[in-house]
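>>> Sequence plus predicted model, see below.
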Amino acid sequence: MNVIVSNKNQLLLENLGIDIIKEMNGEFEVDEIIATFQNFFYQRMILDITAIKNYTDMVNLQKLSISLDMQKLILLLDGTEETSNPNFLSNLVSMGIYNFTKNMEGIQYLYNTPNTYRDVAQFHRLDATFGNAAMANSQPIVAAPVVEVAPQPEFYGTRVIGVKNVTKQSGASSLVYMMKNELSKNYSAVAIEVDKTDFTYFKDKSLISTITSEVGSVINKHKDKNVIIIDINNSLVAEGFCQDVLYLIEPSIIKLQKLMTLNATALQGLKDKKIILNQSLLSSSEIANFEYEARVKVFYNLAPLNERDKKLPELNKLLVKLGFSKQQSEI
């Protein structure tokens, strides 16, 4: 079931022909929209941008992107100069808002075929500031012509690995920290976290905290490193820069049940992904049962680790499986 939040485009959205579980019409503070839908289960949200008070203020859209699932959002733009200029569109992409369009055809397309970062990368300008230049194309932003190509990180021999929590608080920050320390024995490595500041607790000045709109520039600054490890958090832009992504699942009963309660199909999208059972004490038979029930394949079963240990043989085994050489201290 879907939800619609409309204002000036109410009549247009009434003719979508999709199942609606909840509808709001009018102009709302962004906090009101968040409070209404943050814990509300729905398949898609079609949001008329004119329903957001002060929608040209990027702070309001950033609040929305942080608090709601942007993979479920289809944003209907109003076609004005303010929301059609390249800088505005670039800012949307920076926030992980990939599904935006200007008309009914675009909504219907995106409803069935949601965009990924690669579909909208041509609109992303990492050095962009909000401006007023008008975008020439007025069709749904699905297969639009290039406005300005975003400067992509130049990886050369650098390997970029993302780490992302699937179940909440599954240890991505700690794992990135330990991976960086372990890899640094044989490689030049750097660790980055996006849109959070959890790294401050490690009191390690080499760790880097950044935001989605700057992550590409940060990666470029460290393209001389052998390995860049990124704690992705919810940044789809950062995930798009990664050559490999490790999806962390803490297989405790309570965390799995919470995940499935919030999103019953959460594990379906992880088929053929590198799934790590983190902080896991599951036996081989229990892992096999998990794989059968979830219809996924576990890449590695990682036991609880001590962040203070100088040697982490279990982590070393994971790194070897990822293609890195065994650390000298373990040979």
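Alright, I've got the coordinates. Numbering: from 1, shown residues only.
>>> Report how many residues lie close to the closest residue to Val227 other than its chain neighbours.
Of all residues not flanking Val227 in the chain, Ala189 sits nearest, at 4.3 Å (Cβ to Cβ, 6 or more residues apart in numbering). From N, CA and C alone the C-beta is placed, and that goes for glycine too. As a burial measure, Ala189 scores 22 neighbours (other Cβ atoms under 10 Å).
>>> Specify the local secondary structure of Ile228.
strand (DSSP: H, G, I helix; E, B strand; the rest coil).
>>> Report the contact partners of it.
Applying Cβ atoms under 8 Å, 6 or more residues apart in numbering, we find Ile228 in contact with 158-161, 189-190, 192, 219, 222.
>>> one more time with 6 Å, if that's ok
158, 160, 190, 222 (Cβ atoms under 6 Å, 6 or more residues apart in numbering).
>>> which residues touch the residue nearest to Val227?
Ala189 neighbours (Cβ under 6 Å, 6+ apart): 180, 183, 227.
>>> Domain map for this protein?
Domain assignment for the chain, taken from automatic domain parsing, gives 2-123, 159-330.
>>> residue ranges of the helices in this structure, please?
10-13, 30-37, 58-67, 81-84, 86-94, 104-112, 117-120, 172-183, 215-221, 236-241, 253-262, 284-294, 313-321 (DSSP state H).
>>> and of the ones you listed, who's closest to Met24?
With Cβ to Cβ as the measure, helix 30-37 is the member of the helices of the chain nearest Met24 (7.0 Å).
>>> Per-residue pLDDT of the residue nearest to Val227, please?
Looking at Ala189, its pLDDT is 95.
>>> next one: Phe123
The model's pLDDT for Phe123 equals 83.
>>> I'd assumed Leu89 was in contact with it.
Yes: between Phe123 and Leu89 there is a contact under Cβ atoms under 6 Å: 4.4 Å.
>>> So, low pLDDT: which residues of this protein?
For the chain, the stretches with pLDDT under 70 are 125-157, 263-264, 327-331.
>>> any idea which residue sits dead centre in this structure?
Nearest residue to the geometric centre of the chain (Cα atoms, centre = their mean): Leu236, 2.8 Å.
>>> and the nearest residue to Met24 once chain neighbours are set aside, what are its bridge partners?
Nearest in space to Met24, with sequence neighbours left out and distances taken as Cβ to Cβ, 6+ apart, is Val5 at 4.8 Å. Val5 has these beta-bridge partners by DSSP bridges: Met24, Leu47.
>>> Centre of the chain to stretch 280-293, how far?
Distance, stretch centre to chain centre, for stretch 280-293: 27 Å (Cα atoms, centre = their mean, to the nearest Å).
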